[in-house]
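Student: sequence-free structure coming up:
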């Protein structure tokens, strides 16, 4: 391995942000793919199953992705369907299902013509279909054997104003060898071995095969580092003026809730204590819970009565008061030391 992990004398982007080194470690199983012009697309990370509503004698359909329990975000679904426009064809694959009310099997696989995207619902004309019912119109997402795939024969290439690269992690998100375990989020920055640049994360998702895919704002040469150790650093923006001691090799992670006036505004998974402290602004408090996960959308939308709400607020305020009594040790000039310039430091990061 070279004396330095990063190439010297490479200009770093001026982010105008107070970036601090939050996590660092060695990764296996990475692949770099510069984003190129695509001719077709199959799902592109869409792992949510929609509802299909056919009407007008099965000549038209609404494909509804708006279920709040879906694993894909609104942005991911919209980004996928904005690759085509009115009048373009797409194909549905793996559309077999079983309907309990009729005790019959159906198949929505076929060819469709895209018309519009509205409120996460795809409006389309039916060109061909495998096996539709004349008795029912709605095919529920819970009835499908597997997640249907959507294939475009041609896509609209978005105007590219900045060069981008996809980083594929073949180990997936459930491994400690993952950006998910690092607590990486869109808007954070990555620094990779052999590149002395911090690249902004602009997209992050898990594809239908379980691979973790990160898109960064910057162009890397195509490279397969499946069996090569790659040193990775995660930088996050420090949003407050607190003095925080940061240990980038810390693996004690949990949930991190941002709290204001006793109400939880947002929550991050797989954060260390210091990561959590850095992410809260000066007008927010944070609650770090070791070995915990953020509540699911279903749990977050559970209706609370007035007593439950007041209890939650009181518990949050108690946690905030307890936190104010905790004194954090300082670590000098936070974020100023790059642990990757010395390979000896890299192998054992200490604070």
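Tutor: Thanks, I have it. Keep in mind the model is a prediction, meaning the values are calculated, not measured.
Student: which of the three states applies to residue 98?
Tutor: strand (DSSP: H, G, I helix; E, B strand; the rest coil).
Student: name the residues linked to it by a beta bridge.
Tutor: Here residue 98 sits in beta bridges with residue 105, going by DSSP bridges.
Student: any weak-confidence spans in the protein?
Tutor: Along the chain, segments meeting pLDDT under 70 span 1-16, 36-45, 155-162, 296-351.
Student: show me it divided up by domain.
Tutor: The chain breaks down into these domains under automatic domain parsing: 1-35+162-238, 41-152, 240-333.
Student: mean neighbour count added to those, as CSV?
Tutor: Placement of C-beta: from N, CA and C, glycine included. Below are the domains of the chain laid out as CSV (neighbours: other CB atoms under 10 Å):
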stretch, mean neighbour count
domain 1-35+162-238, 17
domain 41-152, 16
domain 240-333, 15
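Student: residues contacting residue 164?
Tutor: Residues near residue 164 by CB atoms under 8 Å, 6 or more residues apart in numbering: 34, 35, 202, 215, 216, 217, 218, 219.
Student: take those and keep only those in helices.
Tutor: Using DSSP state H, no member of the contacts of residue 164 falls in helices.
Student: helices of the stretch 51-200 of the chain, residue ranges please.
Tutor: Using DSSP state H, counting those that start in this stretch, the helices assigned to the stretch 51-200 of the chain run over residues 74-81.
Student: now the strands: where do they sit in the stretch 201-350 of the chain?
Tutor: With DSSP state E, counting those that start in this stretch, the ranges of strands along the stretch 201-350 of the chain come out as 212-216, 223-225, 230-237, 254-260, 263-271, 285-290.
Student: what sits up against the last one?
Tutor: Yep, that's strand 285-290 we're talking about. By CB under 8 Å, 6+ apart, strand 285-290 touches 252-260, 264, 271, 273, 276-277, 279-280, 316, 319-320, 323.
Student: 6 Å instead?
Tutor: 254, 255, 256, 257, 258, 259, 273, 276, 280, 319, 320 (CB atoms under 6 Å, 6 or more residues apart in numbering).
Student: mind listing the strands that strand pairs with, and their directions?
Tutor: With DSSP bridges as the test, strand 285-290 pairs up with strand 254-260 (antiparallel).
Student: hmm, who's touching the partner strand?
Tutor: Residues contacting strand 254-260 (CB under 6 Å, 6+ apart): 264-269, 271, 276, 280, 284-294, 316.
Student: got the angle between that strand and strand 263-271?
Tutor: 160 degrees (axes from the mean of the first three to the mean of the last three CA atoms, to 10 degrees).
Student: begin at 72 from now on, thanks
Tutor: Got it, first residue is 72 now, which makes that one strand 325-331.
Student: for strand 325-331, what is the distance to the chain centroid?
Tutor: 18 Å (CA atoms, centre = their mean, to the nearest Å).
Student: residue 336 and residue 366, how far apart?
Tutor: Counting by CB to CB, to the nearest Å, the separation of residue 336 from residue 366 is 13 Å.
Student: try residue 147
Tutor: 21 Å.
Student: coming back round to it: among the contacts of residue 235, give me the pair with the biggest separation.
Tutor: The most widely separated members of the contacts of residue 235, counting by CB to CB, are 105 and 273 (14.2 Å).
Student: what are the phi and psi values at the nearest residue to residue 126 once chain neighbours are set aside?
Tutor: Leaving out its chain neighbours, the residue that sits closest to residue 126 by CB to CB, 6 or more residues apart in numbering is residue 208, at 6.0 Å. Note on residue 208: backbone dihedrals following degrees, to the nearest 10 are phi -110, psi -30.
Student: right, and residue 208 touches residue 123 too?
Tutor: No. Between residue 208 and residue 123 there is no contact, the gap being 9.0 Å when judged by CB atoms under 6 Å.
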